[in-house]
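Student: Quick check, what structure comes out for this input:
(one chain, ligands or ions: 1)
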Amino acid sequence: MKQRALINAGLSFAGWVAVVGLWPSAASAQEASPSPTPTPTPALYSAQTLSELKQIQQAALKSDYGYKQVAHLCNNIGPRLTGSVQAQKAVDYVAGELKAIGLEVQLEKVTVPHWVRGEETAALVEFPGMAENTTQKIVLCALGLSVATPAEGLTADVVVIRDFDELEALGKEKVSGKIVLFNYHFDKQMAAQSRAGDAYGQAVKYRSEGPSAAGRLGAVAALIRSVGGADYRLPHTGATDYKKDLPKIPAGAVTAEDADLIATLVPQGNVRMRLVLTPQTLPDAPSFNVIGDVKGTEHPEQIVVISGHLDSWDLGTGAIDDGAGVAASMDAANVIQKLHFRPKRTIRVIAWMNEENGLMGGKTYAKDHEKEIANHFGVMETDGGAGHPLGINYATKPEGRAFFEPVAKILQSSGAGILQLAEHPGADIGPLTKLGVPGFSPIQDNRTYFNYHHTAADTLDKIVPKELAENAAVVAVTAYALANLEAPLPR
Ligand SMILES: [Zn+2]
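Tutor: Presented below is the predicted three-dimensional model:
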(Lines give C-alpha, C1' and ligand atoms only; values in the text may rest on other atoms or scores of the structure.)
Protein backbone atom coordinates (compact mmCIF):
# COMPACT_ATOMS: atom_id res chain seq x y z
CA MET A 1 0.00 0.00 0.00
CA LYS A 2 2.79 2.37 0.82
CA GLN A 3 4.21 1.51 -2.56
CA ARG A 4 1.00 2.43 -4.28
CA ALA A 5 0.84 5.65 -2.35
CA LEU A 6 4.36 6.51 -3.45
CA ILE A 7 3.65 5.81 -7.03
CA ASN A 8 0.52 7.90 -6.88
CA ALA A 9 2.62 10.73 -5.58
CA GLY A 10 5.14 10.25 -8.34
CA LEU A 11 7.84 9.74 -5.82
CA SER A 12 9.10 6.36 -6.71
CA PHE A 13 11.90 5.59 -9.08
CA ALA A 14 9.80 4.20 -11.79
CA GLY A 15 11.78 1.06 -12.29
CA TRP A 16 11.21 0.11 -8.72
CA VAL A 17 9.19 -2.96 -9.13
CA ALA A 18 7.21 -4.45 -6.36
CA VAL A 19 7.94 -8.00 -7.10
CA VAL A 20 5.55 -10.75 -6.33
CA GLY A 21 7.63 -13.49 -4.79
CA LEU A 22 11.38 -13.63 -4.71
CA TRP A 23 13.92 -12.19 -7.05
CA PRO A 24 14.67 -14.62 -9.83
CA SER A 25 16.72 -17.57 -8.77
CA ALA A 26 18.21 -20.27 -10.90
CA ALA A 27 14.91 -22.09 -10.49
CA SER A 28 12.79 -19.28 -11.84
CA ALA A 29 15.26 -18.78 -14.68
CA GLN A 30 14.49 -22.32 -15.57
CA GLU A 31 10.79 -21.61 -15.57
CA ALA A 32 11.39 -19.07 -18.28
CA SER A 33 12.25 -21.80 -20.76
CA PRO A 34 9.37 -23.35 -22.65
CA SER A 35 7.04 -25.10 -20.29
CA PRO A 36 6.65 -28.86 -20.61
CA THR A 37 2.87 -28.47 -20.97
CA PRO A 38 1.52 -28.13 -24.52
CA THR A 39 2.57 -24.71 -25.64
CA PRO A 40 0.14 -22.31 -27.29
CA THR A 41 3.02 -20.77 -29.27
CA PRO A 42 1.76 -21.23 -32.83
CA ALA A 43 -1.46 -19.40 -32.03
CA LEU A 44 0.38 -16.50 -30.42
CA TYR A 45 3.13 -15.58 -32.86
CA SER A 46 3.49 -16.34 -36.54
CA ALA A 47 6.68 -17.98 -37.76
CA GLN A 48 7.50 -14.70 -39.47
CA THR A 49 7.08 -12.75 -36.25
CA LEU A 50 9.34 -15.15 -34.36
CA SER A 51 11.99 -14.81 -37.06
CA GLU A 52 11.70 -11.02 -36.99
CA LEU A 53 11.96 -10.99 -33.20
CA LYS A 54 15.29 -12.81 -33.39
CA GLN A 55 16.57 -10.36 -35.98
CA ILE A 56 15.41 -7.40 -33.87
CA GLN A 57 17.19 -8.80 -30.83
CA GLN A 58 20.46 -9.31 -32.70
CA ALA A 59 20.34 -5.86 -34.31
CA ALA A 60 19.57 -4.16 -30.98
CA LEU A 61 22.46 -5.91 -29.24
CA LYS A 62 24.79 -4.41 -31.86
CA SER A 63 23.23 -0.94 -31.85
CA ASP A 64 25.05 2.05 -30.37
CA TYR A 65 22.21 4.46 -31.22
CA GLY A 66 20.80 4.40 -27.68
CA TYR A 67 24.14 5.16 -26.09
CA LYS A 68 24.61 8.13 -28.44
CA GLN A 69 21.19 9.42 -27.40
CA VAL A 70 21.81 9.20 -23.67
CA ALA A 71 25.26 10.70 -24.17
CA HIS A 72 23.69 13.71 -25.87
CA LEU A 73 21.01 14.09 -23.21
CA CYS A 74 23.58 13.97 -20.39
CA ASN A 75 26.61 15.68 -21.84
CA ASN A 76 25.25 18.12 -24.41
CA ILE A 77 22.03 19.07 -22.65
CA GLY A 78 22.68 18.19 -19.01
CA PRO A 79 20.33 17.89 -16.03
CA ARG A 80 16.67 18.08 -17.04
CA LEU A 81 14.71 19.10 -13.99
CA THR A 82 11.03 19.69 -14.78
CA GLY A 83 10.40 23.29 -15.80
CA SER A 84 14.06 23.98 -16.65
CA VAL A 85 15.36 25.21 -19.99
CA GLN A 86 17.31 21.96 -20.32
CA ALA A 87 14.10 19.95 -19.95
CA GLN A 88 12.61 21.94 -22.84
CA LYS A 89 15.79 21.47 -24.87
CA ALA A 90 15.54 17.73 -24.27
CA VAL A 91 11.91 17.74 -25.44
CA ASP A 92 12.93 19.43 -28.69
CA TYR A 93 15.93 17.15 -29.12
CA VAL A 94 14.06 13.87 -28.65
CA ALA A 95 11.22 15.06 -30.90
CA GLY A 96 13.75 15.89 -33.61
CA GLU A 97 15.53 12.55 -33.30
CA LEU A 98 12.31 10.54 -33.44
CA LYS A 99 11.27 12.47 -36.56
CA ALA A 100 14.65 11.78 -38.10
CA ILE A 101 14.15 8.01 -37.79
CA GLY A 102 10.73 8.27 -39.42
CA LEU A 103 8.29 8.27 -36.51
CA GLU A 104 5.10 10.34 -36.42
CA VAL A 105 5.88 12.77 -33.63
CA GLN A 106 3.62 14.81 -31.39
CA LEU A 107 4.22 16.90 -28.32
CA GLU A 108 1.44 16.57 -25.77
CA LYS A 109 1.14 19.42 -23.33
CA VAL A 110 1.66 18.80 -19.63
CA THR A 111 1.39 21.45 -16.92
CA VAL A 112 4.22 20.80 -14.48
CA PRO A 113 5.40 22.02 -11.09
CA HIS A 114 8.43 24.29 -11.33
CA TRP A 115 10.72 23.90 -8.36
CA VAL A 116 14.22 25.35 -8.40
CA ARG A 117 17.07 24.41 -6.08
CA GLY A 118 18.76 27.20 -4.13
CA GLU A 119 21.57 27.47 -1.65
CA GLU A 120 21.94 24.40 0.57
CA THR A 121 24.43 24.41 3.40
CA ALA A 122 24.49 23.25 6.98
CA ALA A 123 26.88 23.18 9.88
CA LEU A 124 26.87 22.03 13.47
CA VAL A 125 27.43 25.20 15.47
CA GLU A 126 27.27 23.64 18.92
CA PHE A 127 28.18 20.08 19.88
CA PRO A 128 29.99 18.20 22.66
CA GLY A 129 33.75 18.62 22.53
CA MET A 130 33.84 21.35 19.94
CA ALA A 131 36.82 23.71 19.80
CA GLU A 132 35.89 27.33 20.28
CA ASN A 133 34.74 29.23 17.20
CA THR A 134 34.61 26.15 14.98
CA THR A 135 31.83 24.31 13.22
CA GLN A 136 31.37 20.90 11.64
CA LYS A 137 30.25 21.00 8.03
CA ILE A 138 27.21 18.89 7.19
CA VAL A 139 26.88 17.83 3.56
CA LEU A 140 23.28 17.85 2.42
CA CYS A 141 20.85 18.82 -0.31
CA ALA A 142 17.27 20.00 -0.31
CA LEU A 143 14.57 17.47 -1.06
CA GLY A 144 12.60 18.21 -4.20
CA LEU A 145 9.54 20.41 -3.56
CA SER A 146 10.98 21.51 -0.19
CA VAL A 147 10.06 24.93 1.11
CA ALA A 148 12.86 27.29 2.10
CA THR A 149 14.38 28.36 5.38
CA PRO A 150 14.77 32.11 5.90
CA ALA A 151 17.51 33.37 3.55
CA GLU A 152 19.96 33.63 6.44
CA GLY A 153 19.01 30.12 7.56
CA LEU A 154 17.63 28.81 10.82
CA THR A 155 19.45 27.49 13.86
CA ALA A 156 17.97 24.84 16.14
CA ASP A 157 18.80 21.80 18.23
CA VAL A 158 18.81 18.46 16.47
CA VAL A 159 16.96 15.34 17.55
CA VAL A 160 17.74 12.01 15.93
CA ILE A 161 15.26 9.21 15.48
CA ARG A 162 15.32 6.04 13.49
CA ASP A 163 11.71 5.72 12.43
CA PHE A 164 8.17 7.02 12.80
CA ASP A 165 7.61 5.06 16.02
CA GLU A 166 10.52 6.82 17.67
CA LEU A 167 9.21 10.16 16.45
CA GLU A 168 5.81 9.49 18.00
CA ALA A 169 7.46 8.33 21.23
CA LEU A 170 9.30 11.65 21.51
CA GLY A 171 6.06 13.54 21.07
CA LYS A 172 5.39 17.20 20.53
CA GLU A 173 7.24 18.38 23.62
CA LYS A 174 10.62 17.02 22.53
CA VAL A 175 10.20 17.68 18.81
CA SER A 176 8.72 21.17 18.79
CA GLY A 177 11.22 23.82 17.69
CA LYS A 178 13.83 21.20 16.72
CA ILE A 179 15.42 19.94 13.54
CA VAL A 180 14.45 16.28 13.23
CA LEU A 181 16.86 13.83 11.59
CA PHE A 182 15.35 10.55 10.40
CA ASN A 183 18.33 8.20 10.52
CA TYR A 184 16.76 5.22 8.76
CA HIS A 185 19.38 3.05 7.05
CA PHE A 186 19.05 1.82 3.49
CA ASP A 187 19.40 -1.97 3.68
CA LYS A 188 22.58 -2.60 1.70
CA GLN A 189 22.44 -6.31 2.26
CA MET A 190 19.01 -6.47 0.73
CA ALA A 191 20.30 -4.50 -2.26
CA ALA A 192 23.23 -6.90 -2.62
CA GLN A 193 20.68 -9.71 -2.78
CA SER A 194 19.14 -8.05 -5.85
CA ARG A 195 16.26 -6.61 -3.84
CA ALA A 196 17.38 -3.01 -4.12
CA GLY A 197 13.87 -1.88 -5.00
CA ASP A 198 12.55 -3.28 -1.74
CA ALA A 199 15.36 -1.64 0.23
CA TYR A 200 14.51 1.63 -1.48
CA GLY A 201 10.83 1.20 -0.74
CA GLN A 202 11.47 0.80 2.98
CA ALA A 203 13.72 3.84 3.31
CA VAL A 204 12.08 6.23 0.89
CA LYS A 205 8.93 6.62 2.96
CA TYR A 206 10.95 8.81 5.31
CA ARG A 207 11.78 11.05 2.36
CA SER A 208 8.18 11.33 1.26
CA GLU A 209 6.34 11.30 4.59
CA GLY A 210 8.99 12.31 7.15
CA PRO A 211 8.84 16.09 6.76
CA SER A 212 5.07 16.25 7.29
CA ALA A 213 5.24 13.85 10.23
CA ALA A 214 7.89 16.05 11.88
CA GLY A 215 6.06 19.25 10.95
CA ARG A 216 2.92 17.94 12.64
CA LEU A 217 4.82 17.77 15.93
CA GLY A 218 6.18 21.29 15.56
CA ALA A 219 9.66 20.59 14.15
CA VAL A 220 11.24 23.54 12.30
CA ALA A 221 12.98 21.39 9.68
CA ALA A 222 13.28 17.73 8.75
CA LEU A 223 16.34 15.91 7.46
CA ILE A 224 16.64 12.34 6.32
CA ARG A 225 19.60 10.03 6.01
CA SER A 226 20.14 9.82 2.25
CA VAL A 227 18.36 6.91 0.62
CA GLY A 228 21.28 5.26 -1.12
CA GLY A 229 23.46 2.22 -1.23
CA ALA A 230 27.01 3.60 -1.17
CA ASP A 231 28.82 5.98 1.11
CA TYR A 232 30.83 8.58 -0.77
CA ARG A 233 29.45 11.45 1.29
CA LEU A 234 26.98 12.18 -1.49
CA PRO A 235 23.51 13.44 -0.63
CA HIS A 236 20.63 11.81 -2.53
CA THR A 237 17.81 14.14 -3.45
CA GLY A 238 14.26 13.11 -4.37
CA ALA A 239 10.83 14.60 -3.93
CA THR A 240 9.12 14.93 -0.62
CA ASP A 241 5.36 14.78 -0.32
CA TYR A 242 3.88 17.32 2.07
CA LYS A 243 0.48 16.41 3.44
CA LYS A 244 -2.07 19.07 2.58
CA ASP A 245 -3.20 20.11 6.02
CA LEU A 246 0.10 19.89 7.90
CA PRO A 247 2.77 22.59 8.30
CA LYS A 248 5.33 22.52 5.50
CA ILE A 249 8.84 22.64 6.93
CA PRO A 250 12.17 22.79 5.06
CA ALA A 251 13.35 19.29 4.13
CA GLY A 252 16.74 17.95 3.16
CA ALA A 253 18.83 14.80 2.84
CA VAL A 254 22.16 14.56 4.64
CA THR A 255 24.83 12.11 3.57
CA ALA A 256 25.02 8.77 5.35
CA GLU A 257 28.34 9.88 6.87
CA ASP A 258 26.89 13.08 8.28
CA ALA A 259 23.85 11.25 9.61
CA ASP A 260 26.26 8.96 11.46
CA LEU A 261 28.21 11.95 12.77
CA ILE A 262 25.11 13.62 14.16
CA ALA A 263 23.78 10.34 15.56
CA THR A 264 27.09 9.85 17.39
CA LEU A 265 27.17 13.34 18.88
CA VAL A 266 23.57 13.70 19.99
CA PRO A 267 23.76 11.13 22.83
CA GLN A 268 26.84 13.00 24.13
CA GLY A 269 25.08 16.32 24.60
CA ASN A 270 23.37 19.20 22.90
CA VAL A 271 23.82 19.46 19.12
CA ARG A 272 22.76 22.62 17.33
CA MET A 273 22.65 23.09 13.58
CA ARG A 274 22.49 26.08 11.29
CA LEU A 275 20.58 25.13 8.17
CA VAL A 276 20.24 27.13 4.97
CA LEU A 277 17.92 25.86 2.24
CA THR A 278 16.64 28.41 -0.26
CA PRO A 279 14.77 26.55 -3.00
CA GLN A 280 11.91 28.28 -4.76
CA THR A 281 8.57 27.03 -5.99
CA LEU A 282 7.68 29.04 -9.10
CA PRO A 283 4.29 29.04 -10.83
CA ASP A 284 3.40 25.84 -12.69
CA ALA A 285 4.89 25.80 -16.19
CA PRO A 286 3.95 24.33 -19.57
CA SER A 287 5.95 21.31 -20.72
CA PHE A 288 5.46 18.21 -22.87
CA ASN A 289 5.47 14.46 -23.17
CA VAL A 290 7.24 13.55 -26.42
CA ILE A 291 5.39 10.92 -28.42
CA GLY A 292 6.62 9.13 -31.53
CA ASP A 293 4.63 6.45 -33.36
CA VAL A 294 5.66 3.59 -35.62
CA LYS A 295 2.21 3.13 -37.14
CA GLY A 296 0.70 -0.34 -37.08
CA THR A 297 -0.26 -1.93 -40.38
CA GLU A 298 -3.31 -3.92 -39.24
CA HIS A 299 -4.48 -2.24 -36.03
CA PRO A 300 -2.99 1.25 -36.07
CA GLU A 301 -5.45 2.32 -33.37
CA GLN A 302 -4.06 -0.28 -30.95
CA ILE A 303 -1.05 0.99 -29.10
CA VAL A 304 2.02 -0.55 -27.49
CA VAL A 305 3.90 2.03 -25.43
CA ILE A 306 7.65 1.86 -24.76
CA SER A 307 8.99 4.62 -22.57
CA GLY A 308 11.32 6.27 -20.11
CA HIS A 309 11.20 9.63 -18.37
CA LEU A 310 12.96 12.61 -19.88
CA ASP A 311 13.08 14.79 -16.77
CA SER A 312 15.83 14.16 -14.26
CA TRP A 313 17.09 15.49 -10.97
CA ASP A 314 19.41 18.45 -11.19
CA LEU A 315 22.40 17.29 -9.15
CA GLY A 316 23.76 14.88 -11.77
CA THR A 317 22.98 14.66 -15.48
CA GLY A 318 20.25 12.00 -15.31
CA ALA A 319 22.10 9.18 -17.05
CA ILE A 320 20.78 6.12 -15.22
CA ASP A 321 17.67 7.99 -14.04
CA ASP A 322 16.39 8.07 -16.63
CA GLY A 323 18.22 9.07 -19.78
CA ALA A 324 18.90 5.34 -20.14
CA GLY A 325 15.21 4.47 -20.26
CA VAL A 326 14.44 7.10 -22.89
CA ALA A 327 17.46 6.01 -24.92
CA ALA A 328 16.62 2.29 -24.75
CA SER A 329 13.09 3.06 -25.99
CA MET A 330 14.38 5.28 -28.82
CA ASP A 331 16.91 2.59 -29.74
CA ALA A 332 14.18 -0.05 -29.88
CA ALA A 333 12.16 2.04 -32.34
CA ASN A 334 15.23 2.80 -34.40
CA VAL A 335 16.15 -0.87 -34.72
CA ILE A 336 12.65 -1.79 -35.93
CA GLN A 337 12.69 1.11 -38.40
CA LYS A 338 16.11 0.22 -39.74
CA LEU A 339 15.09 -3.39 -40.34
CA HIS A 340 11.97 -2.08 -42.16
CA PHE A 341 9.75 -4.39 -40.13
CA ARG A 342 6.15 -3.25 -39.92
CA PRO A 343 4.39 -3.93 -36.63
CA LYS A 344 0.70 -4.86 -36.82
CA ARG A 345 -0.15 -2.57 -33.91
CA THR A 346 1.30 0.90 -33.38
CA ILE A 347 4.51 1.04 -31.34
CA ARG A 348 4.57 4.35 -29.47
CA VAL A 349 7.74 5.76 -27.93
CA ILE A 350 7.01 8.12 -25.04
CA ALA A 351 9.57 10.31 -23.28
CA TRP A 352 7.64 11.29 -20.16
CA MET A 353 7.94 14.63 -18.40
CA ASN A 354 7.93 15.16 -14.63
CA GLU A 355 8.25 11.65 -13.23
CA GLU A 356 10.48 12.89 -10.44
CA ASN A 357 8.42 15.58 -8.79
CA GLY A 358 4.80 15.29 -9.71
CA LEU A 359 4.21 12.51 -12.25
CA MET A 360 2.22 14.99 -14.29
CA GLY A 361 3.31 13.43 -17.61
CA GLY A 362 1.90 10.02 -16.78
CA LYS A 363 -1.23 11.43 -15.14
CA THR A 364 -1.99 13.85 -17.96
CA TYR A 365 -1.51 11.20 -20.65
CA ALA A 366 -3.92 8.82 -18.93
CA LYS A 367 -6.49 11.60 -18.65
CA ASP A 368 -6.06 12.90 -22.20
CA HIS A 369 -6.28 9.37 -23.62
CA GLU A 370 -9.09 8.25 -21.33
CA LYS A 371 -11.28 7.18 -24.25
CA GLU A 372 -8.50 5.08 -25.80
CA ILE A 373 -7.54 3.08 -22.73
CA ALA A 374 -9.05 -0.09 -24.20
CA ASN A 375 -6.86 0.43 -27.26
CA HIS A 376 -3.69 0.51 -25.19
CA PHE A 377 -2.60 -3.06 -25.72
CA GLY A 378 0.44 -2.95 -23.45
CA VAL A 379 2.65 -0.31 -21.84
CA MET A 380 6.32 -0.64 -20.99
CA GLU A 381 8.67 1.59 -19.06
CA THR A 382 12.41 1.34 -18.46
CA ASP A 383 13.36 3.26 -15.32
CA GLY A 384 15.73 1.19 -13.27
CA GLY A 385 19.02 2.30 -14.75
CA ALA A 386 20.99 0.63 -17.50
CA GLY A 387 22.16 -2.52 -15.73
CA HIS A 388 22.17 -5.89 -17.46
CA PRO A 389 18.57 -7.00 -18.06
CA LEU A 390 17.58 -10.42 -16.78
CA GLY A 391 14.17 -10.64 -18.36
CA ILE A 392 10.73 -9.08 -18.36
CA ASN A 393 8.50 -7.98 -15.53
CA TYR A 394 4.90 -8.44 -16.57
CA ALA A 395 1.95 -6.91 -14.78
CA THR A 396 -0.91 -8.80 -16.35
CA LYS A 397 -3.22 -11.48 -15.09
CA PRO A 398 -1.00 -14.41 -13.99
CA GLU A 399 -2.12 -16.39 -17.04
CA GLY A 400 -0.44 -13.72 -19.17
CA ARG A 401 2.82 -15.50 -18.58
CA ALA A 402 2.21 -18.12 -21.28
CA PHE A 403 2.00 -15.33 -23.86
CA PHE A 404 5.62 -14.39 -23.25
CA GLU A 405 7.30 -17.75 -23.03
CA PRO A 406 8.25 -17.76 -26.73
CA VAL A 407 9.63 -14.23 -26.26
CA ALA A 408 11.62 -15.24 -23.18
CA LYS A 409 13.12 -18.11 -25.14
CA ILE A 410 14.53 -15.64 -27.66
CA LEU A 411 15.76 -13.23 -24.97
CA GLN A 412 17.45 -16.02 -23.03
CA SER A 413 20.32 -15.98 -25.55
CA SER A 414 21.43 -12.64 -24.06
CA GLY A 415 20.66 -13.73 -20.50
CA ALA A 416 17.31 -11.98 -20.36
CA GLY A 417 14.94 -14.93 -20.33
CA ILE A 418 13.32 -14.57 -16.91
CA LEU A 419 9.61 -13.80 -16.71
CA GLN A 420 8.45 -12.30 -13.46
CA LEU A 421 5.01 -11.25 -12.34
CA ALA A 422 5.21 -7.70 -10.99
CA GLU A 423 2.74 -5.33 -9.41
CA HIS A 424 4.09 -1.94 -10.43
CA PRO A 425 6.16 -2.04 -13.59
CA GLY A 426 6.70 1.73 -13.73
CA ALA A 427 5.63 5.06 -12.26
CA ASP A 428 4.71 6.93 -15.45
CA ILE A 429 2.74 3.99 -16.81
CA GLY A 430 1.12 3.53 -13.39
CA PRO A 431 -1.99 5.59 -14.23
CA LEU A 432 -2.55 3.26 -17.22
CA THR A 433 -1.76 -0.05 -15.51
CA LYS A 434 -4.10 0.97 -12.70
CA LEU A 435 -6.85 1.08 -15.32
CA GLY A 436 -6.05 -2.48 -16.34
CA VAL A 437 -3.62 -1.94 -19.22
CA PRO A 438 -1.01 -4.72 -19.14
CA GLY A 439 2.33 -3.25 -18.00
CA PHE A 440 5.91 -4.30 -18.60
CA SER A 441 9.47 -3.36 -17.70
CA PRO A 442 12.84 -4.97 -18.15
CA ILE A 443 14.07 -6.76 -15.03
CA GLN A 444 17.36 -4.93 -14.49
CA ASP A 445 20.38 -5.68 -12.35
CA ASN A 446 19.93 -2.85 -9.86
CA ARG A 447 22.41 -3.92 -7.20
CA THR A 448 24.44 -0.69 -7.62
CA TYR A 449 21.66 1.54 -8.97
CA PHE A 450 20.99 3.25 -5.64
CA ASN A 451 24.67 4.05 -5.16
CA TYR A 452 24.22 6.87 -7.67
CA HIS A 453 20.45 7.37 -7.86
CA HIS A 454 19.45 11.05 -7.40
CA THR A 455 23.05 12.14 -6.71
CA ALA A 456 25.61 14.30 -8.48
CA ALA A 457 27.22 11.02 -9.58
CA ASP A 458 24.35 10.01 -11.88
CA THR A 459 26.45 10.67 -14.95
CA LEU A 460 27.11 9.00 -18.29
CA ASP A 461 30.11 6.97 -17.14
CA LYS A 462 27.76 4.84 -15.00
CA ILE A 463 26.26 3.37 -18.17
CA VAL A 464 27.96 0.38 -19.78
CA PRO A 465 27.15 0.69 -23.51
CA LYS A 466 26.77 -3.08 -23.96
CA GLU A 467 24.29 -3.30 -21.10
CA LEU A 468 22.26 -0.39 -22.44
CA ALA A 469 22.06 -2.19 -25.78
CA GLU A 470 20.90 -5.33 -23.96
CA ASN A 471 18.09 -3.28 -22.45
CA ALA A 472 17.18 -1.87 -25.85
CA ALA A 473 16.99 -5.46 -27.11
CA VAL A 474 14.54 -6.45 -24.35
CA VAL A 475 12.41 -3.37 -25.04
CA ALA A 476 12.45 -3.86 -28.81
CA VAL A 477 11.64 -7.57 -28.67
CA THR A 478 8.88 -7.10 -26.08
CA ALA A 479 7.35 -4.21 -28.00
CA TYR A 480 7.36 -5.98 -31.34
CA ALA A 481 6.02 -9.17 -29.78
CA LEU A 482 3.14 -7.24 -28.24
CA ALA A 483 2.51 -5.39 -31.47
CA ASN A 484 2.29 -8.64 -33.45
CA LEU A 485 0.67 -10.89 -30.86
CA GLU A 486 -2.11 -12.85 -32.55
CA ALA A 487 -4.38 -12.92 -29.49
CA PRO A 488 -5.44 -10.32 -26.94
CA LEU A 489 -3.79 -10.39 -23.54
CA PRO A 490 -5.93 -11.24 -20.50
CA ARG A 491 -6.80 -7.97 -18.73
ZN1 LIG B 1 13.44 7.50 -12.72
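Student: Helix or strand for Glu301, just tell me which one.
Tutor: Per DSSP states H and E: Glu301 is located in strand 299-309.
Student: Wait, Leu489 touches Gly439, no?
Tutor: No: assessed by CB atoms under 8 Å, Leu489 is found out of contact with Gly439, at 10.7 Å. For the C-beta atoms, the positions are set from N, CA and C on the backbone; glycine is no exception.
Student: Select the helix or strand of this protein having the lowest average pLDDT value.
Tutor: helix 2-8 (a mean of 37; mean pLDDT, DSSP states H and E).
Student: And the strands in the stretch 301-450 of the chain?
Tutor: 345-352, 376-381, 389-395, 418-421, 439-444 (DSSP state E, counting those that start in this stretch).
Student: tally of neighbours for Asn270?
Tutor: 11 (other CB atoms under 10 Å).
Student: now the one 5 residues further on
Tutor: As a burial measure, the neighbour count of Leu275 was computed by other CB under 10 Å and equals 22.
Student: Same question for the one 4 residues further on.
Tutor: Using other CB under 10 Å, Pro279 has 22 neighbouring residues.
Student: Please report how far it lies from Ser208.
Tutor: Separation of Pro279 from Ser208 (CB to CB, to the nearest Å): 17 Å.
Student: What of Phe288?
Tutor: 26 Å.
Student: picking that back up, turn the strands of the stretch 301-450 of the chain into JSON lines, including mean neighbour count, mean pLDDT and distance to Val105.
Tutor: Shown next, in JSON lines, are those (neighbours: other CB atoms under 10 Å; pLDDT from 0 to 100; distance: least, CB to CB, whole Å):
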{"stretch": "strand 345-352", "mean neighbour count": "27", "mean pLDDT": "99", "distance to Val105": "9"}
{"stretch": "strand 376-381", "mean neighbour count": "28", "mean pLDDT": "98", "distance to Val105": "19"}
{"stretch": "strand 389-395", "mean neighbour count": "26", "mean pLDDT": "98", "distance to Val105": "27"}
{"stretch": "strand 418-421", "mean neighbour count": "21", "mean pLDDT": "97", "distance to Val105": "32"}
{"stretch": "strand 439-444", "mean neighbour count": "30", "mean pLDDT": "98", "distance to Val105": "23"}
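Student: Save the ones you listed as TSV, and put in distance to Ala169 too.
Tutor: TSV is the format used below for the strands of the stretch 301-450 of the chain (distance: least, CB to CB, whole Å):
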stretch	distance to Ala169
strand 345-352	41
strand 376-381	40
strand 389-395	38
strand 418-421	39
strand 439-444	39
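Student: Can you tell me which of these is nearest to Asp187?
Tutor: Minimum separation from Asp187 across these (CB to CB) falls at strand 439-444, 18.6 Å.
Student: Which secondary structure elements does the closest one sit against?
Tutor: Helices and strands touching strand 439-444, as assessed by 3 or more CB pairs under 8 Å, 6 or more residues apart in numbering; DSSP states H and E, comprise strand 376-381, strand 389-395, helix 465-484.
Student: Among the ones you listed, single out whichever gets nearest to the ion.
Tutor: Go through the helices and strands packed on strand 439-444 one by one with CB to the ion and the one that ends up closest to the ion is strand 376-381, at 9.1 Å.
Student: partners of the closest one, with directions?
Tutor: Strand 376-381 pairs in its sheet with strand 299-309 (parallel), strand 439-444 (parallel), by DSSP bridges.
Student: Please name the residues that touch Gly292.
Tutor: Contact analysis of Gly292 by CB atoms under 8 Å, 6 or more residues apart in numbering lists Ala95, Leu98, Lys99, Leu103, Glu104, Val105, Gln106, Ala333, Arg348, Val349.
Student: And the residue lying closest to Ala151 once chain neighbours are set aside, how far from the ion?
Tutor: Nearest non-adjacent residue to Ala151, counting by CB to CB, 6 or more residues apart in numbering: Thr278, 6.0 Å away. As judged by CB to the ion, to the nearest Å, Thr278 and the ion stand 26 Å apart.
Student: I'd say Thr278 and Ser146 touch.
Tutor: No: contact criterion CB under 8 Å: Thr278 and Ser146 do not qualify, at 9.9 Å.
Student: still on that earlier bit, take the strands of the stretch 301-450 of the chain and lay them out in TSV including distance to the ion.
Tutor: Shown next, in TSV, are these (distance: least, CB to the ion, whole Å):
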stretch	distance to the ion
strand 345-352	9
strand 376-381	9
strand 389-395	15
strand 418-421	19
strand 439-444	11
